[in-house]
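Peer 1: sequence unknown, structure follows:
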């Protein structure tokens with residue numbers, strides 16, 4: 001009678017499940033859970049990083065930048081810095097306005113963070129002195145969910161359809177798109193809102209004895225309407241309305257604004273009343289490139305346009321929302337959207353997310369099939385089927401676990417599965433191979449051999465599983481923006497390993513038994529076993545290392561050779577055969593061209609330069625179409641969110657959003673295309689004294705710029721001087737491109753100073769003069785036109801004609817009324833002084849700073865090398881007889897002398913590699929402890945772990961041979 005073999009935990013599990021009827025049901029249930037996860041998990045191109053921003057706007061009209069900094073910005077920064085969870089506080093103090101940007105730590109819940117911010121400000125309002133002129137803080141939160149996933153541009157080749165018409169169509173479309181489930185914010189960019197302009201003539205006003213206050217009073221009372229209630233007559237209640245609204249421009253022109261010589265003075269007598277689009281604050285246009293034919297558009301189109309953007313609600317599937325928006329737009333054609341208006345989708349993150357997911361799923365299938373084929377050739381077809389089924393069930397349950405963790409289907413979470421496919425199959429292969437070996441031995445029936453075989457390898461398999469988890473899981477604690485970006489990798493891979501172990505001990509034995517039950521002894525050996533060729537090769541290699549005294553010398557020689565190979569492999573980094581970079585560029589279908597003209601440049605000039613830049617772009621073979629945005633920003637990406645491109649609304653700022661043909665239809669990658677247009681675009685920028693930058697969608701967490709130098713110092717003058725030196729080094733360092741800084745060009749400013757004493761003698765005040773000038777120059781919405789066909793309010797805007805405003809002296813012809821009724825010309829109480837606008841003062845974490853930014857192109861494409869070259873050259877440059885002290889990881893504590901802090905991609909790289917290095921060290925310690933616990937020895941684990949450093953010999957030369965950069969994915973591997 002044969003003794004019953006003693007089994008461990010793994011053997012008992014295998015015995016319990018190998019013939020159980022519930023085993024296939026559990027496997028089927030796991031497979032169905034995977035299908036469910038694939039169907040319900042939101043698909044997105046990038047991981048949704050929970051990072052919360054907030055912009056705080058605090059107006060202080062008339063104050064200088066220095067006064068704004070000292071009285072508004074610095075106290076506000078101190079309040080914000082006390083809030084729990086705040087990581088960075090940026091600020092910009094410009095004349096009349098303080099803008100703070102509060103950035104919370106990654107992962108801070110948005111609602112709680114914004115509530116804390118509101119509470120901090122509104123519980124400390126006493127820091128604003130009463131009657132100081134400082135306005136109330138306006139807080140605008142921003143986050144990843146504010147990034148539009150869908151954008152559509154409306155344009156028409158018909159000359160009689162202008163931007164105002166397109167804007168009205170867009171307003172009609174907005175509520176229709178809002179009805180699509182899952183949509184959030186919908187915004188229209190571009191177009192001129194309808195406005196009734198009242199262009200008054202100061203001389204004609206004076207001739208009739210009128211002032212601006214008379215127009216304001218007349219327009220406000222003319223629109224007075226009330227519904228006091230009802231009256232009862234003859235047993236019926238009837239409603240009463242007192243007054244009627246101004247319904248047409250003609251009614252506005254007929255408003256009586258005064259009486260002169262007993263004759264009513266109408267508004268049309270002293271002003272020109274016109275209904276048209278408001279004076280352009282921004283220009284948006286659509287252009288088609290050489291490859292426009294792929295989208296059914298004729299090349300060479302350049303027409304006015306408006307762009308509709310749609311963001312989705314948190315947790316919604318970008319693919320489903322974008323597809324529903326496409327269907328709704330098709331339904332609106334010929335209804336809300338006229339046939340003459342073209343609708344071009346200029347952003348669809350649903351399509352890109354689906355394409356990325358499908359590409360990675362295909363790679364996942366390919367990796368799985370590769371493993372199955374390998375097992376097929378080494379063990380057999382039925383063994384390959386067992387391994388393949390185990391892998392499929394493991395992946396299915398892992399996908400469900402990923403959904404349960406809250407991850408979306410994106411390129412990082414799917415990369416985690418592809419990355420871990422090699423280790424996920426290990427458990428099943430080890431179990432199958434050992435059962436296969438027992439079958440060949442033929443000593444036990446299959447039902448008895450399976451638990452024994454599983455038990456033999458169960459301990460090492462459990463140990464191997466937990467050592468892999470120990471190596472991966474510490475990566476989940478990487479800090480900064482890169483942490484949540486990479487977190488799906490260690491969590492999904494570790495979860496997959498545990499699931500793989502469970503499947504190997506339960507489903508794999510059951511399926512093996514089902515397939516091999518009838519041929520359990522078919523492979524019983526006959527005669528002496530044949531030596532395996534691999535074993536002979538192994539013996540031939542190891543014999544010289546183990547044979548006597550010569551073996552000792554050979555072992556030392558092998559050790560020296562390995563150390564030399566490790567050193568040579570590491571040297572590949574220093575000679576740039578292997579380039580260090582955070583993440584490699586992805587092949588996207590879009591990029592941006594950012595334009596910053598000198599401060600003070602008119603909007604029309606900015607738009608003209610953007611058109612000149614677009615001429616270069618439309619000639620690029622892969623460019624399908626583009627949109628020009630002057631005086632406003634293009635629809636933001638996550639990169640634009642972090643860089644705050646949504647605040648780019650000055651007349652001298654603009655950008656071009658470029659769409660390329662699908663990556664499957666072109667040979668060049670998007671990075672190569674962007675690099676090819678950099679030089680001709682920069683040449684145009686130099687001609688106009690402008691900064692032109694190419695902005696690509698970064699492959700990882702965004703930063704202010706790839707290369708950032710933060711200049712600190714005791715005062716603005718020395719910070720600017722140091723920044724000028726640093727910028728010069730940027731410009732003279734090879735491969736450093738797209739150079740810019742935060743130093744503003746001088747902008748002419750006219751100050752109309754009121755003689756308060758003279759004004760008082762004439763019975764008027766400075767506030768009367770200020771209000772009249774503000775109305776004349778900026779316009780004042782004194783009332784509204786009530787148009788039932790308009791979906792937005794139509795303001796009645798009073799201002800001076802453009803021709804009159806072109807001369808500052810014309811403002812002195814304005815008259816204000818004294819309490820005695822006399823009209824006092826401003827020329828009698830005010831003088832015009834010419835000066836220069838104050839420079840904006842930037843702060844970061846309560847320290848004044850000036851930024852110098854750039855990028856690196858060329859052979860390395862890595863900012864780290866440009867930074868190193870500039871840092872080395874900066875050592876010899878002196879400011880006030882002192883070298884600029886450089887900081888690489890922390891801000892300087894003292895700013896009594898000029899200093900520099902390197903930021904940008906370097907900061908993310910440093911934090912990521914620091915944290916991943918620490919995670920790597922923790923993983924090694926955990927692996928050592930696990931192996932010590934298994935073998936009860938301190939030396940054996942060191943022998944087992946000795947091959948770990950040898951991976952460098954394969955990794956570095958492999959990167960060099962394939963021309964790949966060493967980045968975060970390499971570090972993970």
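Peer 2: Perfect, thanks for sending it. Please read all numbers here as calculations on a predicted model, not as lab measurements.

Peer 1: ranges for the helices of the stretch 351-500 of the chain?
Peer 2: Under the criterion DSSP state H, counting those that start in this stretch, the stretch 351-500 of the chain contains helices at 381-405, 411-441, 446-472, 482-486, 488-516.

Peer 1: now, of the ones you listed, which is deepest in the fold?
Peer 2: Mean neighbours per residue, mean count of other Cβ atoms under 10 Å, is largest over the helices of the stretch 351-500 of the chain for helix 488-516, with a mean of 24. No exception for glycine: its C-beta is placed from N, CA and C like everyone else's.

Peer 1: elements contacting the next helix-or-strand element following that one?
Peer 2: Going down the chain from helix 488-516, the next helix or strand is helix 533-546, by DSSP states H and E. The elements that helix 533-546 packs onto, with contact taken as 3 or more Cβ pairs under 8 Å, 6 or more residues apart in numbering; DSSP states H and E, are helix 548-574.

Peer 1: List the buried residues of the helix it packs on.
Peer 2: For helix 548-574, a neighbour-count test (16 or more other Cβ atoms under 10 Å) marks 565, 566, 569, 572 as buried.

Peer 1: who does the helix or strand following that helix touch, helix- and strand-wise?
Peer 2: Tracing the chain C-terminally past helix 548-574 and defining elements by DSSP H and E, one meets strand 590-596 next. In terms of contacts (3+ Cβ pairs under 8 Å, 6+ apart), strand 590-596 is packed against helix 603-618, strand 653-660, helix 670-687, strand 691-696.

Peer 1: so what does the first one touch, helix or strand wise?
Peer 2: Packing partners of helix 603-618 (3+ Cβ pairs under 8 Å, 6+ apart): strand 283-288, strand 590-596, strand 623-630, strand 653-660, helix 670-687.

Peer 1: Dump the buried residues of helix 548-574 to JSON lines, plus distance to residue 274.
Peer 2: Conversion of these to JSON lines gives the following (distance: Cβ to Cβ, whole Å):
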{"residue": "565", "distance to residue 274": "81"}
{"residue": "566", "distance to residue 274": "79"}
{"residue": "569", "distance to residue 274": "75"}
{"residue": "572", "distance to residue 274": "70"}
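
Peer 1: and of these, the nearest to residue 299?
Peer 2: In terms of Cβ to Cβ, no member of the buried residues of helix 548-574 lies closer to residue 299 than residue 572, at 45.8 Å.

Peer 1: quick one on the thing from earlier: with distance to residue 181 and mean pLDDT as extra columns, can I get the helices of the stretch 351-500 of the chain in TSV?
Peer 2: Converted to TSV, those look like this (distance: least, Cβ to Cβ, whole Å; pLDDT from 0 to 100):
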stretch	distance to residue 181	mean pLDDT
helix 381-405	20	90
helix 411-441	24	80
helix 446-472	37	86
helix 482-486	27	79
helix 488-516	26	89
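
Peer 1: I'd like those helices laid out as TSV, including distance to residue 951.
Peer 2: Compiled in TSV, those are given as follows (distance: least, Cβ to Cβ, whole Å):
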stretch	distance to residue 951
helix 381-405	24
helix 411-441	14
helix 446-472	12
helix 482-486	20
helix 488-516	17
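
Peer 1: if we compare those, which one ends up closest to residue 688?
Peer 2: With Cβ to Cβ as the measure, helix 482-486 is the member of the helices of the stretch 351-500 of the chain nearest residue 688 (37.5 Å).

Peer 1: Fine, thanks again, bye for now.
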